[in-house]
Each structure stands twice: as structure tokens, then as C-alpha cells.
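> Predicted structure and sequence below. I'll ask about it afterward.
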Amino acid sequence: MPLWSRIANTFRGNRLSREIDEELRSHIEEAIEDDRDPAEARRALGSALRHREASRDVRLIPWLDSLRSDAVFGWRQLGKKKATSAVAILSLGLAFGACLSAFRLIDALLLRPLPVKNSDRLYVFQYEGIGFDGNPFKGEPCEYPMFRRMRSNVRDEADLLAISYASPRDLTYGSDEDMEKPFLQYVSGRMFDSFGIRPVLGRLFTVNDDLKPGAHPYAVLSYDYWTRRFRRDPKVIGRSFLLSSFGEQTASNELYTIIGITEKGFTGVEPGTITDIWAPTMMNRLVDQPNATWFRTFVILKPGVAVEPVREKLHAVFRAFREERAKAFAGMPRQTVANFLSQRVLLEPAAPGISAAQREFRKPLAALAVLVALVLLVACANVANLMTSQAAARAREMALRVSIGAGRARLVQLVLVEAAILALLAAATGGAFAWRSAPFVASHISFRNNPVRLHLPADWRVAGFGLALMLAVTLLFGLGPALRASAVKPANALKGGDRPYFRGRLMQALVAAQAAFCFLVLFATGLFVATFERLSHQSTGFSPEQLLALDVVILRPERPEIWNQVVEHLRTVPGVASVGLSNSAPLSWGNKSSRHISMNGGPPSPDSVFFVGVAPGWFGVMKIPLLAGRDFRSSDTSPKFAIVNEAFAKRYCPAGNPVGKLFNDGVQIVGVTLNASYDDIHGPAPPVAYVPLHYVDPKGIVLPMRSATLMVRTASPNPLALVSTLRKEVARARPGFRVSDVHTEDELIEAQTVRERLLAALALFFALLALLLAGLGLYGVLDYSVLQRRREIGIRMAIGARATHIVWRVAADALAMVLAGAAAGLGLGLIAARFIEALLYQVKPSDPRMVAIPWLVLLATALFATIPAAVRAIRTDLATTLRTE
Amino acid sequence: MARTDSFQGSIDLLVLKILSRRPGLHGYAIMSAIRERSGEVLRAEEGSLYPALHRMEEAGWLRATWITKDKGRRLRVYRLTVEGGKQLSKEESRWQTVTSAVNNVLRTV
């Protein structure tokens, strides 16, 4: 209670003073009534002011009171110069908001622990070493038989969970026509229990739902999916859906029953993907295959168990399992087998989950975080300069405060409180900016053609970061000016000359720092923009214009002839120029198969080759030219014939024409094509072997197909206009055929460069912001210096100095600082470039153009910023100046 | 002669004691009472009484109210709270202990 009354008293300080004064007055009046001499009574009372101060100090909280009065004073100071304050708040706010947005994204994707029990004891099983291609590699997918052994081996120390990669799957709640593609994930039955996740409806899996392969066709929906798809309809429990399952060449449809909905907040273990449906691992048909790797193993250590012994136990099982598997690697190079066996097991902490999106965006987000931090530093330098120049204008006020007994600490507090108000207003502006901008940026991130879906809460983590950042910012731009202001020497200040050159030096140092940070931002931006530019002009080797990729699926597999009928039908549709059939579109994220090959019965290749199934005519549709040999004929079948690309030819037939050569037990090369991008647009085209879709097994049976990609080149420049017609025509061509997904090839190419586009666009935005801020800062400093030296300038002008000379005198120092800053920035940039090299493509940081362009931009901005000050200097009129002083 | 600091040291005790006997006194009356009862020995700068009163008020030992005297002049009068009563007995016994200890020393040395 007393503390509360003191806080309350602090905020009604004036009334408190009045009451104390009244009480002291009534004391005197009582004394006079008591027939004492008024003068004597006053003397006996002592100093009323001192008693009032002493009383105030016991009745309120002195430090809070001084903070309050400083805040009121600071607020008035800011209000006095509305325009400058607004610029400072807005610029700082933008930079602050950018930082906060970056934090929200980074936190949501990379840092925030999963909302599960025991996330601090959660690890993911990984292995690293040399991969099949001879390069260093780190992997995590596991085989279920190995998982079983590992689980029983560490039963006493840890809980092991198998969680598959969430991927979009074709399923339907009704007829075949109503297929949809939610994200499905196979999980161990004990997962929900281990994670402490409860159902909001129905029940979740238990160990008993995950015992026998194929015996538990149950599904659990995520709260998010239940909300989106079913509007939280409780009747969804007990409903069933049909899931299409794709095997190598076989397929089936499985009927699942929905048994429960998870609680809100849990969206799976892959940040960036929101899992919609969970099924037990036993329902995955790969569960008993010793060679199939299809899930991640998560390890939850029991309390008090150390990591290393568990890792060693897991490694022993891993090694033994691999040795068994390696027995089947007949004919593989010895080194490859040795590499396979010498891989090492790691247990990585996985509190924030683990996902491919994390791996893809970790570096770009880190680079962006550095960029926004630099922009914030530029903004801080700006505001520090502003406050320093204001402190100069207020030197007399400060001197007066010192004269009447204000301590140094009190003056520091005064200026810092003003800085804190500024920071608070900027933080509010920035917070509002981040509120919208983080989701906006997140909505522009996609990964493998699927938008990255991030849960972006604004909770205590974000608020705490914002608060810490605000305090840091306050100290960063407030402490320098505060210390400088408090060091005021009353005698000097009142004389009107408080070492202006010293203060000028601080401001110039800030200008140099600003230029350095700004150059860094520009330099990095240049690299990112150039990277994106190179990539978007990268030749793909095929013509992507007016090209549609239609993924078509059927529930009952059909022979290639039937598929050809669909292709023939589409060729007759008006608006269609040509149609080709293949098993996947170039640069799509569908299933791609790559295998080791052996040329002419030789040893298997150390690296693998992509195998793409195509029908005759496909090369024509794609406009991939044949260099030698011929296209496939409709009589060609697999595995007998192949057309290879140049990369293949160079790699495996370095001497002479590959046409006619044989590989892999008699597959004959009948043609060679130019290279075309297939898997990844970054880097040179990999070796590719195109083979006929028509696959005949050793017994002479033609294998039916249940999915394929139709490449349709349209006659009109807008291929999307034809999509709805094509969907209808595919269904009309043969009953049961259905388009499950459509992309334009341009879209697929764009999706390959999402990361680079995002980096380039955001970096460009921050570069413009930094440039604007640095320009404003330089303008402010020059303007201030002209104001400070107007007497000198006026006298020089009066005695006949030329205008160019005056301008030079005004601008020279500042420009020298900008150049010095840019040089420092370049040094830092070349060091920093090493860390972002992985994000660059065909761009060298040491390229003179990459250095010259940011340098020129910065210099041009600096020159532009000097114009107003130069004009002001030239217009200085000695008479006016002397009169105002 | 009594010095200011010894008066300051016991001012809480004196104020509490006087208010326990005569509740509802204002500052001037409290001061007069101390002076009269002490036979003019305990005198101090009169104004320093007020910070002490306000301190005790914040500590919760006293409760203050404004009363209006004739001619509309306001006076701030003080009363002991329950907490203040407890504090008084604590201070009294402390004072007795200290003075008897000091007396013992004076007698025996």
C-alpha cells in the first residue's frame, strides 16, 4: 500500500507540493495566533523549500519523479520541432520495424521451440560423411527395419519416434473427381503421447494403432486443417477418405477413417509446412522394406540421460545395419561402399523442429537479418546526429542546469529519457509496420512450389525482442549525445563557444560510420540483385514459353497406349499447338529417379544419372534439339533404348559418338540432345538419360502407368487461359483420367529462384531505405555545419571568396568522411562476402563492377545531399547573420 | 543542552507518544506539546518536524486528515493508526532498554 501511494503521489506531484506548502503556511499562521513574532516564527520554521523537498522525497519515489518530469520535458522538446522529430521517428521506426519483421520470420522458422512437451530433450537423428556422389553429405532419412532395432536398443534411455516427410498427397472424401492434396505425414503411434498433445475431438494415435503393417487405417487431422477444410464440423469424426498410394509401378487406394483432431497450435515438426493429416507409420507400404528411406528419426532423451552414450548406441546399430545392406551392393566401387559404411551418426538438437525450408532459408534470412541490422545502425547514426546538433543548440540550457546544481548523471538521464521517448514512438511505428510486413513477406516465400506456411504469433517472445531492441537503440543513439551534453562547461557555453569543432568531429565520425554501413548494404544488395539477374536469364535449354505441365493421375493404372489416346485427343483441342508425354516436367518437384549406370558392362559410375521417361515427340514439344541420332519411335521400349544429353555424353563417352553405345545390361543409346535443365536451374545441367515411357518387364508384360505429365504448348501467349478447357478435355478423353496439378513452365522456373528473388527484392528495399537515411543524415550534418559557421562564411563572402570555394569548404570534410566510410565498408564487405558466397550465383564479390556501382551510387547520393547546404552557404548574408546574433 | 540530532533520534517516539494521548493534533500543536512537556529543553528547527510526520504517515503509523478551522483555513491533523500504536510500544521499550543500559554504564564506571 505505501509503495502504491508513493507511485500515485509521483504522478500528482504538483498537488502534493501544494498540500505541503499549505501545511507549512498554516504552521506560521498558528504561530502568529500564538502571539509569536511573524519573522521569528519563519526563522524558527527554517527553509520552507528544503522541508518541502524533504517531505516530497519521503512521500513519493524521487527517481520516478525525476523520470516523470524529464519525460514531460522531453515530450515538449520533441513537440517543439515537429518536422525533425517526425523524420527521426519515421526513419527509426521503419528500420526498427524491418528488424522486428526479420526477427518474427527467423523466430517462426528457425528459433521458436515446437509447442510440444520435452522439446528441450528432442533431438533428430542424422548421419554425415561422404555420399554416393563422392561429395561431403549430411542425411537424415531412415529405413524402418533399422529404426525398429535402434528403438529397442535405447529403450531405457530414450523414446524414438519415426516421423515421415510431410508431403502433399492425392485423396478424396467423395468421388474421384473431388481429389484434393493436403499434406500428409506418417508418424509413430506414440508420437502424440510423447509430445504431450491432446485431442480437441475424438482420440489420437496410441502405440496400439501402430503395430501391424497395413492394419490401422486411421487418420488424425490437425486443428488448422479441420478449421480450413471442415469449418470445425464435429461430425468429421468417423468420416473416411480414399488415399491414392503410389508405388514404384503399382498403386492402390486405401480407405482411412478419421479418429481425432489435435489441439490447436501443433502443426507438425516441420516449420514452414503445416501438416494436415497424420497416419500411423505402419500404414506406409515401405515400412518393411530394408532399403527404403522415408522418414526422420526423432529422439526424446529420458530426463538425466546424456546425449553421447545414446549416440554411440545408435551408431552401433546404424553401422551394423549398413553392413548388412552393403552385402547387396554387388559391383559397386569399393571406395563408395567404404564411404557408405564410414558415415557417422549425429544427434542434433531439434527443439525448433527440422525442415527443408529451414535449410533453404537459414542463410538468406541470416543475411537479411544482418542487412536490417545495418539499416537500423544507419538510422541510429542519423538520430544520434540529430540529437547531437540539438544538444549543441541546447548548450546554454544545459549550462544553466549545471550552474543551478544539476549533476552529470541527472543531465545524462534528461537526454536519455528524451531518446527513450523517441525510441518508444519509433518502436510503436515499427511494431505497426512489422505487424503487416512479416506476414506479407512470409506469403511471398514458397518452397518447392508450395507456399511456405508459417505460424507468426505476436507473443511475449516478439514483444521481449522488441523491448530489448528498443533499449539497445535508445542507448545506441542516445548515450553519445547524452554524455556529450552532460560534459558541458557552463562558463564556455554561456560565452557562446563550446568547442564546436569537437562536436563536429563526433558528427563526422557518425557520417563515416553511416557511409560504411550504407556501402555494406549496397554492396550486398548489388551481389543479390546480380545473382537473381543471372539466374533469371539462365538458359534452360528448352523453350518454356506457352508451355503447360499437366500432372494427370488415374485410380486404375492404364497401359501407355491408352495414355497416348489422351495425348492424341488433346492435340485436337483448339488452341493447343503440341502435346508431349513424360513422367515429370523439367524443374518440377515431382518424383525424379536417378541411378548409377555402368557403361559397356564396366564398373558402376561413382555419380548417378537422372532417368526421365518420355514418349516419342516430347523433344519436339520441348524444343530440345537432337544433336545426333534419332528420336524415339512408338515401337521403342524400356529398358532397351535411351537418348542422352550432352553432359551424359561428355561424362561417360568422352571419346567419340555415344550413339550406338550400350550401358546397364544392353540399353542402347540412339540419340544425343543438347543439355536442358532438369532438376535444378542453379548450376550446369546434370547427366540425363531419356528412356521410353513404354516399359516392358523381363517377362514381356507392358507395365501400366497411373500418373504422367502432359506437356502442352499452347497457340496463344497466355497458356493459363486454356487450363479449364484442358481439365475438361482430359476427363472427356478417357473416364477416370484427372488433372491433379497444373503449372506453367515459367512458373516452375520462377519457383526455382524464389530464394534469390526474395533476397534481391528485400535487399533492394533495405538498400533504398539505407540510402535515403544516409542522405538525410548527411544533409542534416551539412546544414548544421553551415549554420554553425555562418559568421565565418559570411565574412569570407563579404571579402570576396568565390562561391565554389565556399561550397568546397562546406562539403569537403563531409565528403571525405563519406569516402573514408565507403572504403571501410568495402573492406568489411569483402570479408562479409565470404559468408554469403553460397547465396550467390555466377557473381564474384571481387568483380570491379560489383564494387564500383555501390560506390558510385553512394557518392551520387552524398553529392545530392550536399546541394541544399551548399545553396544555403552561398546565400549567407553577413548583414543578416550579424543582426540576428 | 539538548542537541538537534538527539532530538531527531527520538522524534518518532515523542510524536507517537503525544498523538497516542491527544489524537487529532496538527503540526504546530505537536511541536508546542513537545516543547512544553520537555520544559523547553527539546527544541529544534520547527520545520524539520514535517518531513518526519510525512515519513511516519508513509510508513503507515499515522493517518492525516484535513480539517477546516474557522475563517476557512485548513489544518492537517494527525492520528495514530493501529500500526502506529504497535510502533510506539516498540519504540518505548527500545528507549527504556537503551536508557537503562546507559544509566548502568554511568553508575558502574
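Looks like it arrived, so ask away. Numbers count the residues shown, from 1 in each chain, chains lettered A, B, ... in the order given.

> Can you tell me the closest non-neighbouring residue to the residue in the stretch 151-300 of chain A that chain B sits nearest to?
For the stretch 151-300 of chain A, the residue closest to chain B is residue A:265, as judged by Cβ to the nearest Cβ, at 46.9 Å. Where C-beta positions appear, they are placed from N, C-alpha and C, glycine not excepted. In this structure, residue A:265 finds its nearest non-sequential neighbour in residue A:115, 4.7 Å apart by Cβ to Cβ, 6 or more residues apart in numbering or on different chains.

> Next: residue A:616.
Distances taken as Cβ to Cβ, 6+ apart put residue A:632 closest to residue A:616, at 4.5 Å, once the chain neighbours are dropped.

> Please determine how far residue A:646 is located from chain B.
Residue A:646 is 90 Å from chain B, where distance means Cβ to the nearest Cβ, to the nearest Å.

> ok, now how distant is that residue from residue A:594?
With distances taken as Cβ to Cβ, to the nearest Å, residue A:646 is found 17 Å from residue A:594.

> Repeat that for residue A:37.
Taking Cβ to Cβ, one finds residue A:37 at 110 Å from residue A:594.

> Those two - which one has more neighbours?
Counted by other Cβ atoms under 10 Å in any protein chain shown, residue A:37 and residue A:594 do not tie: residue A:594 has more neighbours, with 19 against 11.

> Can you show me the helices along chain B?
Residue ranges of the helices in chain B, as given by DSSP state H, are B:4-21, B:27-37, B:49-59, B:82-108.

> so where is the chain shaky, pLDDT-wise?
Because you didn't say which chain, this covers chain A. Applying pLDDT under 70 to chain A picks out residues A:1-2, A:176-177, A:246-252, A:331, A:448-449, A:493-504, A:590-591, A:884-885.

> The chain in question should be chain B.
Low-confidence segments of chain B (pLDDT under 70): B:1-9, B:43-45.

> For chain B, which residues are neighbours of chain A?
Contact residues (Cβ under 8 Å from any Cβ of the partner chain) of chain B with chain A: B:26-29, B:32, B:45-48, B:50-51, B:54-55, B:57-60, B:73-76.

> would JSON lines of the helices of chain B with distance to residue A:856 and mean neighbour count be doable?
As requested, the helices of chain B are exported to JSON lines (distance: least, Cβ to Cβ, whole Å; neighbours: other Cβ atoms under 10 Å in any protein chain shown):
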{"stretch": "helix B:4-21", "distance to residue A:856": "75", "mean neighbour count": "17"}
{"stretch": "helix B:27-37", "distance to residue A:856": "77", "mean neighbour count": "19"}
{"stretch": "helix B:49-59", "distance to residue A:856": "67", "mean neighbour count": "21"}
{"stretch": "helix B:82-108", "distance to residue A:856": "76", "mean neighbour count": "12"}
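
> Burial check on residue A:621, number of neighbours?
For residue A:621, using other Cβ under 10 Å, the count is 22.

> Shouldn't it be within a helix?
Yes: looking at residue A:621 with DSSP: H, G, I helix; E, B strand; the rest coil, it is inside a helix.

> who's in contact with it?
Residues near residue A:621 by Cβ atoms under 8 Å, 6 or more residues apart in numbering or on different chains: A:547, A:578, A:579, A:580, A:711, A:713.

> Residue A:546 is in contact with the fifth one, correct?
It refers to residue A:711. No: counting by Cβ atoms under 8 Å, residue A:711 sits too far from residue A:546 to count as a contact (11.0 Å).

> Once you drop chain neighbours, what's closest to the residue most central in space within chain B?
In chain B, the centroid-proximal residue (Cα atoms, centre = their mean) is residue B:15; its distance is 1.5 Å. Nearest residue to residue B:15, sequence neighbours excluded (Cβ to Cβ, 6+ apart): residue B:30, at 6.0 Å.

> quick one, what contacts the one you found?
Residue B:30 is in contact with B:15, B:18, B:19, B:49, B:53, B:78, counting by Cβ under 8 Å, 6+ apart.
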